[in-house]
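K.L.:
Here is my input, please return the structure:
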Amino acid sequence: MNHILSKISRHEKLYKLLSINELIYKDIEFTESNYVDYDPDHNLDEECWFKIDEFSKKDFCLSFLKEDFDSKLFDLLDKKHFKDLKYFCSVQEGGQVFCFQKITPSLFFKKKFISFGDVTKLEESENRIIIKEHPNAVYFKETDVLIFKDLSKISSIFEGIDMLYKEATEQEVKDFLDNPFIKLKDFDSSKVSKPNRKRIAMANNTLGRFDDNMKKQLVSYINEYCSEKLIFDEKEGKFEIETDDQLKNLLYGIDQRFYTTGIDHERRLANSVVKI
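P.N.:
From the prediction side, this is the model:
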């Protein structure tokens, strides 16, 4: 038996929407090769998903996912609350797979339609919810992994999960711009865009792992690939940053996203990165 749990606005507890024999989402199985660690700059291939390992240990993991599933612990949802649905969760594979779908007003519909059967007739549907082909997120209990494609679509389900797309604080931005390999020209933290603030948060983590010698190699690497986009003061050993776009290229360099193809030696920027 498979169960559909539901969360409604202004209620902390989960309710049981219905129990059925068939699967809401079919062909859901754990496929490690299709999962990549979450990175806000990564463009997913069609068959790929972002993943979070050891999900049950995260602060934003829902409490019922940490326990053995027992459908008897959930009260049946009263129909008066149907309009307040926030999301539902299809519990499958004996409580081992949890598929989440966010509910938005656009998924509700109540319209007239013409049905074609033995007799063609005009009908008016009751309130219905559209079930999308693919869930917004899937939690595999056995492997303790959550997968998803769009962080913004699940942030209202797993409150606090948007910390994964963390922006650097104002002080962290200022500290980054104070790095010895950066020379500001009529540029300061007030001109740093939101995307670059998020890249700075990741860049700070990267630089924190590098010793002085590795940072020198990084500066040389960035200068090699960005000589046409960034002005490098050889004497001072600093990149001149005058625009937010220049800062973006510097941050791409810190993330080592520039590379040269092996056969035709074409220089490229990796818009997405998967470790192999």
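K.L.:
Please enumerate residues in contact with stretch 37-57?
P.N.:
With contacts defined as Cβ atoms under 8 Å, 6 or more residues apart in numbering, stretch 37-57 is touched by 34-36, 58, 61, 65-66, 138-139, 144-149, 151, 164-165, 198-199, 255, 271-275. (C-beta placed from N, C-alpha, C; glycine too.)
K.L.:
Which of those fall in strands?
P.N.:
Secondary structure from DSSP state E places Y35, V36, V138, Y139, V145, L146, I147, F148 of those in strands.
K.L.:
so how far is T243 from the third one?
P.N.:
Using Cβ to Cβ, to the nearest Å, V138 is found at 41 Å from T243.
K.L.:
Would you map the strands across the stretch 1-150 of the chain?
P.N.:
Applying DSSP state E, counting those that start in this stretch to the stretch 1-150 of the chain gives strands spanning 2-8, 14-20, 35-37, 49-53, 85-92, 97-102, 108-109, 112-115, 121-124, 128-129, 137-140, 145-148.
K.L.:
Save the ones you listed as CSV, and put in mean neighbour count, distance to Y259 and mean pLDDT too.
P.N.:
Listed next are those as CSV, based on neighbours: other Cβ atoms under 10 Å; distance: least, Cβ to Cβ, whole Å; pLDDT from 0 to 100:
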stretch, mean neighbour count, distance to Y259, mean pLDDT
strand 2-8, 21, 44, 92
strand 14-20, 16, 47, 90
strand 35-37, 16, 18, 90
strand 49-53, 19, 22, 94
strand 85-92, 21, 40, 93
strand 97-102, 22, 36, 96
strand 108-109, 13, 47, 66
strand 112-115, 9, 54, 74
strand 121-124, 9, 59, 74
strand 128-129, 12, 46, 76
strand 137-140, 23, 32, 97
strand 145-148, 22, 27, 97
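K.L.:
Of those, which is nearest I263?
P.N.:
Of all the strands of the stretch 1-150 of the chain, strand 35-37 sits nearest to I263, with 25.4 Å by Cβ to Cβ.
K.L.:
Measure how buried the closest residue to R199 other than its chain neighbours is and give me the count.
P.N.:
Nearest non-adjacent residue to R199, counting by Cβ to Cβ, 6 or more residues apart in numbering: L251, 4.2 Å away. Here the number of neighbours of L251 (other Cβ atoms under 10 Å) works out to 21.
K.L.:
which ones are touching L251?
P.N.:
Contacts of L251 by Cβ under 8 Å, 6+ apart are N196, R199, I200, A203.
K.L.:
Mind doing that once more with 10 Å?
P.N.:
Going by Cβ atoms under 10 Å, 6 or more residues apart in numbering, L251 touches D41, F176, P195, N196, K198, R199, I200, M202, A203, T206, I222, R257.
K.L.:
next one: stretch 144-153 to chain centre, how far?
P.N.:
6 Å (Cα atoms, centre = their mean, to the nearest Å).
K.L.:
brain fart, stretch 181-195
P.N.:
Distance, centroid of stretch 181-195 to centroid of chain: 27 Å (Cα atoms, centre = their mean).
K.L.:
got the CA positions of that stretch in CSV?
P.N.:
Provided in CSV are the C-alpha atoms of stretch 181-195 (Å, rounded to 0.1, in the frame of the first residue of the first chain):
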residue,chain,number,x,y,z
PHE,A,181,45.9,39.7,-5.5
ILE,A,182,43.0,42.2,-6.0
LYS,A,183,43.4,45.9,-6.8
LEU,A,184,40.2,47.9,-6.8
LYS,A,185,39.6,50.7,-9.3
ASP,A,186,36.5,52.8,-8.4
PHE,A,187,34.9,49.5,-7.2
ASP,A,188,33.7,48.4,-3.8
SER,A,189,31.3,45.9,-2.1
SER,A,190,28.2,48.1,-3.0
LYS,A,191,28.7,47.3,-6.7
VAL,A,192,28.9,43.5,-6.2
SER,A,193,25.9,41.7,-7.8
LYS,A,194,23.8,39.1,-6.0
PRO,A,195,25.2,36.2,-8.2
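K.L.:
mind starting the numbering at 59 from now?
P.N.:
All set: I'll call the first residue 59, so the last point we hit is now stretch 239-253.
K.L.:
buried set for that stretch?
P.N.:
Neighbour-count burial for stretch 239-253, counted by 16 or more other Cβ atoms under 10 Å, picks out F239, K241, L242, F245, S247, V250.
K.L.:
now, which of these lie within strands?
P.N.:
Residues of those located in strands (DSSP E): K241, L242.
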